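**Student:** no sequence on this one, just coordinates:
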């Protein structure tokens, strides 16, 4: 295994391992409303979240937030069961690992490493 692959593996482990105990944690507070609203949206709804708020009126008002990527993670996880938190956590941990690898790549390029 090359040093670059070893470093990438260490980056992924550092991004994933601390969150593994949370994989089977249940939803808390407003998560229930968020899961209900976002998992019920059709798959083609994703582009709208770039220009409209991501929440409906579940709190008595519509927050002025545009958050397409968190919204789509609830949609993706909802395919496996909207009321089951494990897919939500696994999707987010996987995205965290991907982002860690992207940061690793940018850092390598900035440092001028091959």
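**Tutor:** The structure has been received and is ready for your questions. If you're wondering where the values come from, they're calculated on a predicted model, not measured in any experiment.
**Student:** Report the central residue of the protein.
**Tutor:** By C-alpha atoms, centre = their mean, the chain has its centre lying nearest to residue 92, at 3.2 Å.
**Student:** pLDDT value on that one, please?
**Tutor:** Residue 92 carries a pLDDT value of 91.
**Student:** Tell me the spacing between the residue lying closest to it once chain neighbours are set aside and residue 2.
**Tutor:** Distance criterion C-beta to C-beta, 6 or more residues apart in numbering; nearest residue to residue 92, sequence neighbours excluded, is residue 73 at 6.1 Å. Bear in mind the C-beta positions are built from the backbone N, C-alpha and C, glycine included. Using C-beta to C-beta, to the nearest Å, residue 73 is found at 32 Å from residue 2.
**Student:** least trustworthy helix or strand in the chain by mean pLDDT?
**Tutor:** helix 31-39 (a mean of 80; mean pLDDT, DSSP states H and E).
**Student:** ok, now which ones touch residue 40?
**Tutor:** For residue 40, the contacting residues are 78, 82, by C-beta atoms under 8 Å, 6 or more residues apart in numbering.
**Student:** And it, how close does it get to residue 98?
**Tutor:** In terms of C-beta to C-beta, residue 40 sits 26 Å off from residue 98.
**Student:** picking up where we left off before, quick one, which of residue 73 and residue 2 is more surrounded?
**Tutor:** Remark: of residue 73 and residue 2, residue 73 carries more neighbours, 17 against 7, as counted by other C-beta atoms under 10 Å.
**Student:** Just the element for the more buried one, please.
**Tutor:** helix 68-78 (DSSP states H and E).
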